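In: A structural model of the following input is requested.
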Amino acid sequence: MNLNYKLRNLFLLLLLPLSSCIIPFRSFDKSKPTAPPDYSQTKYWAALPTIKDSADIVPYNSNLKDEQANAKADVFFIYPTIYWIGKHWNANVNNHYLNYRIQKTTIRHQATAFNGSCKIYSPYYRQAALYSYTKLNGSGKKALDFAYQDVKAAFEYYLKNYNNGRPIIIASHSQGSQHADQLLHDYFEKDSVLRKRLVAAYVIGGNVQKHEFKNIPPSDSATQTGCIICWNARRTGEIKDQYFEGDFECVNPLTWKRDTVLAPLSLNHGSVPWEFAEIDQGIADAQVSPIGNGLLWVHKKNQTGFQKEHLIWRWLFGVNKRYHILDYNLYWMNIRENVKQRVDAYLNKKGQ
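Out: Here you go, the predicted model:
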């Protein structure tokens, strides 16, 4: 028995008292869901361009500005799993502490990358608990399917009441990307009229299979529109990941191509740490894994504010070599700049 295995078992033993707070205490079928959100009420939106929220800010010591008031495109942003600890399969959208955490983490670190070129719309939804990903053949899958119904309802409300025919970006992370993937299938893949309004889909930290979409190709340039962009960041050299490997697409966030050429640190225009107090330079390079496992290989500096996975992730999945939680943070400035490139390219094509 090697040392790492012993340390992991010790870590699991220390976390056992927390298990009742992390693992839902009954099956999905026997659980009682909370009331669905009413998206006509602004309180059920994590971000709207008409209210003050964390999507309006920029790194404190930067010269950037929130440009939502004049933006010519929209982004529909679906946040990742923040419901890490809880007794239920799906979160309560009226949980004020959870909503506070959503604002201070994913909306601040991820959705803000779009406020330079887009009006940001992000619904609160009854997200599936993190533990759902360990039970994908049973209650976990049902919880994820249940969460998607909220995302779908919010998107339909957005289309009918907010969009007004404007260009759309779909953006997401992790669990949100699973829902975004389904949203693309249900709406944009099937509807050629709506698809013409798609600037791009940033489906980050999810699993987009190769040749999954017939009408939405993967990105191969920084100005391509109507395309999908995806990656899963891992330490360089990782060849196996239980949840994020296979015949999946991967786009390099420093070149916006799918080739396996290493993009050096010099192409990274800035990363944001958890404190969101600055834009740091020289934190991470990027390379689409040359062994074809659908991962993005990363050399990352061991700098404060760019830590690896949360302890709960390690307890559930037994991993410590992934940079999944930093998929946006490491390439925040490049994402922001690329959103503008694609929106401008889209508007130029439309003669707007």
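In: ok, the residue nearest to N338 when sequence neighbours are not counted - how many residues close by?
Out: Distances taken as Cβ to Cβ, 6 or more residues apart in numbering place A222 nearest to N338, at 5.8 Å, with adjacent residues excluded. Where C-beta positions appear, they are placed from N, C-alpha and C, glycine not excepted. The tally of other residues near A222 (other Cβ atoms under 10 Å) stands at 15.
In: do K196 as well
Out: When counting by other Cβ under 10 Å, one arrives at 13 neighbours for K196.
In: what sits against it?
Out: Taking Cβ atoms under 8 Å, 6 or more residues apart in numbering, we find K196 in contact with G226.
In: 10 Å instead, please
Out: By Cβ atoms under 10 Å, 6 or more residues apart in numbering, K196 lies in contact with 167, 188, 225-226, 346, 350.
In: for Q178, which non-adjacent residue is spatially closest?
Out: Spatial nearest neighbour of Q178, chain neighbours left out: G206 (5.6 Å); criterion: Cβ to Cβ, 6+ apart.
In: just the pLDDT at the one you found, thanks.
Out: As predicted, G206 sits at a pLDDT of 91.
In: can I get the contacts of K196 in TSV including distance to I107, secondary structure and pLDDT?
Out: Below are those laid out as TSV (distance: Cβ to Cβ, whole Å; DSSP: H, G, I helix; E, B strand; the rest coil; pLDDT from 0 to 100):
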residue	distance to I107	secondary structure	pLDDT
P167	22	coil	98
F188	24	helix	97
T225	25	coil	98
G226	26	coil	98
Y346	24	helix	98
K350	29	coil	80
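In: could you single out the nearest of these to S132?
Out: Nearest to S132 out of the contacts of K196 is F188 (Cβ to Cβ; 25.5 Å).
In: would you confirm that that closest one contacts L159?
Out: No - taking Cβ atoms under 10 Å as the definition, F188 is not a contact partner of L159, at 11.4 Å.
In: these two touch, right, I325 and I204?
Out: No - using Cβ under 10 Å, I325 is not in contact with I204; the gap is 11.4 Å.
In: show me which of the contacts of K196 are buried.
Out: Neighbour-count burial (16 or more other Cβ atoms under 10 Å) applied to the contacts of K196 gives 167, 188, 225-226, 346.
In: which parts of the stretch 251-352 of the chain are helices?
Out: Counting by DSSP state H, counting those that start in this stretch, residue ranges of the helices within the stretch 251-352 of the chain are 311-317, 332-349.
In: so for N92, which of these sits nearest?
Out: Nearest to N92, of all the helices of the stretch 251-352 of the chain, is helix 311-317, at 18.7 Å by Cβ to Cβ.
In: what's the mean pLDDT across that closest one?
Out: On average, the pLDDT along helix 311-317 is 48.
In: and if you look at stretch 273-292?
Out: 92.
In: need the overlap of contacts for I325 and I204.
Out: Joint contacts of I325 and I204 (Cβ under 10 Å, 6+ apart) are 80, 173-174, 233.
In: could you dump those residues to CSV with secondary structure and distance to S117?
Out: Shown next, in CSV, are the shared contacts of I325 and I204 (DSSP: H, G, I helix; E, B strand; the rest coil; distance: Cβ to Cβ, whole Å):
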residue, secondary structure, distance to S117
P80, coil, 22
H173, strand, 18
S174, coil, 23
A233, strand, 23
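In: can you redo those residues as a markdown table with distance to K119, neighbour count and pLDDT?
Out: Below are those laid out as a markdown table (distance: Cβ to Cβ, whole Å; neighbours: other Cβ atoms under 10 Å; pLDDT from 0 to 100):
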| residue | distance to K119 | neighbour count | pLDDT |
| --- | --- | --- | --- |
| P80 | 21 | 26 | 96 |
| H173 | 19 | 25 | 97 |
| S174 | 23 | 24 | 93 |
| A233 | 28 | 27 | 92 |
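In: could the contacts of K196 be laid out in TSV, adding distance to A286?
Out: Shown next, in TSV, are the contacts of K196 (distance: Cβ to Cβ, whole Å):
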residue	distance to A286
P167	27
F188	27
T225	22
G226	23
Y346	24
K350	31
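In: looking at these, spot the one nearest D56.
Out: Within those, distances to D56 taken as Cβ to Cβ reach their minimum at P167, with 20.4 Å.
In: now that closest one, nearest residue through space, not along the chain?
Out: Leaving aside its chain neighbours, P167 sits nearest to A73 (4.1 Å; criterion: Cβ to Cβ, 6+ apart).
In: shared neighbours, F188 and L159?
Out: Residues touching both F188 and L159 by Cβ under 10 Å, 6+ apart: 168, 194, 197.
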